[in-house]
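Novice: Got a predicted model here, sequence first, then my questions.
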Amino acid sequence: MTSNIESVLKCQNLVKEYQVGPESIRVLDELDFELYPGDWVSVVGASGSGKTTLLNMLAGLDLPSSGHVFWGAEDLALLTESKLGKLRNRHLGFVYQFHHLLAEFTALENVAMPLWIQGVNKKQALEQASKMLVRVGLLKRVNHKPAELSGGERQRVAIARALITKPALVLLDEPTGNLDADTAKEIQSLLQELNAQLQTAFIVVTHDLNFASLAKRTLHLQAGKLHLGEEKAIA
């Protein structure tokens, strides 16, 4: 990446330690990396290696023991909870293994929710949500509630909700881990298309090495360190 492009996210000497009795366990050990607009980074590693802990640090959901996480010029450790919440709502999206949709709301309403939280008027938010649901292939399912959708459809709604605010970064934690193989491949292809079209940066934690290989970079988390795998040329 050229140095004049501002990074979406930057980690500097990121450390996370937990105290277990008299012993201090270092889960993340002085991590350094940067993410730029349109990047897609996969993070792979054994169970318990700290992948979800890393995502929590990057999202500002947990504070590092030392080191820094920057969103643009903002150091997350220096922000109040209120400021962090506003930044998270406007600039960060989440997709989890389980969709976490609100059962009493339709797909359209679930996707519009982050815009309503921002104060966007109801009609405008629903119009934007409808366009995003069309983009993820759910034109005919917008008025269905989560219980009326398949697993793949629910995850498409979750992806649309994560992208509705046009965030700079989306964090995805095993986003296809709860789906059958064919549906997982459909969701993975969708994510690949959206990453290319929207130029939103993705960080994907996955145990699926084939899925991880779709990324532009793969980082292996081992013994608290990130090791760079093969980097793909970006067209």
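Specialist: Cool, got the structure.

Novice: buried stuff in the longest helix seen in the chain?
Specialist: The longest helix of the chain (DSSP state H) is helix 181-198. Buried residues in helix 181-198, defined by neighbour count with 16 or more other CB atoms under 10 Å: 183-184, 186-188, 190-191, 194-195, 198. C-betas here are computed from N, CA, C, even on glycine.

Novice: Could the C-alpha coordinates of it be exported in PDB?
Specialist: Below are the C-alpha coordinates for helix 181-198, written out as PDB (Å, rounded to 0.1, in the frame of the first residue of the first chain):
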ATOM      1  CA  ALA A 181     -21.200 -26.500   3.200                       C
ATOM      2  CA  ASP A 182     -23.200 -25.300   0.100                       C
ATOM      3  CA  THR A 183     -24.700 -22.300   2.000                       C
ATOM      4  CA  ALA A 184     -21.300 -21.400   3.500                       C
ATOM      5  CA  LYS A 185     -19.900 -21.200  -0.100                       C
ATOM      6  CA  GLU A 186     -22.700 -18.900  -1.200                       C
ATOM      7  CA  ILE A 187     -22.100 -16.600   1.800                       C
ATOM      8  CA  GLN A 188     -18.300 -16.600   1.200                       C
ATOM      9  CA  SER A 189     -18.800 -15.700  -2.500                       C
ATOM     10  CA  LEU A 190     -21.200 -12.900  -1.400                       C
ATOM     11  CA  LEU A 191     -18.600 -11.500   1.000                       C
ATOM     12  CA  GLN A 192     -16.000 -11.600  -1.700                       C
ATOM     13  CA  GLU A 193     -18.300  -9.600  -4.100                       C
ATOM     14  CA  LEU A 194     -19.200  -7.000  -1.400                       C
ATOM     15  CA  ASN A 195     -15.600  -6.500  -0.400                       C
ATOM     16  CA  ALA A 196     -14.600  -5.800  -4.000                       C
ATOM     17  CA  GLN A 197     -17.600  -3.600  -4.700                       C
ATOM     18  CA  LEU A 198     -17.800  -1.500  -1.600                       C
END
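
Novice: Against which helices or strands is the following helix or strand past that helix packed?
Specialist: Going down the chain from helix 181-198, the next helix or strand is strand 201-205, by DSSP states H and E. For strand 201-205, the packing partners by 3 or more CB pairs under 8 Å, 6 or more residues apart in numbering; DSSP states H and E come out as strand 40-44, helix 51-58, strand 169-173, helix 181-198.

Novice: Run through the residues that contact the residue minimising distance to the centre of the chain.
Specialist: Centroid-nearest residue in the chain: residue 171, 1.1 Å away (criterion: CA atoms, centre = their mean). Residues in contact with residue 171 (CB atoms under 8 Å, 6 or more residues apart in numbering) are 55, 58-59, 92-95, 203, 205.

Novice: run the last query once more with 6 Å
Specialist: By CB atoms under 6 Å, 6 or more residues apart in numbering, the contact list for residue 171 reads 55, 59, 94, 203.

Novice: Per-residue pLDDT of it, please?
Specialist: pLDDT for residue 171: 91.

Novice: so what's it bridging to?
Specialist: Beta bridges link residue 171 to residue 94, residue 203 when assigned by DSSP bridges.
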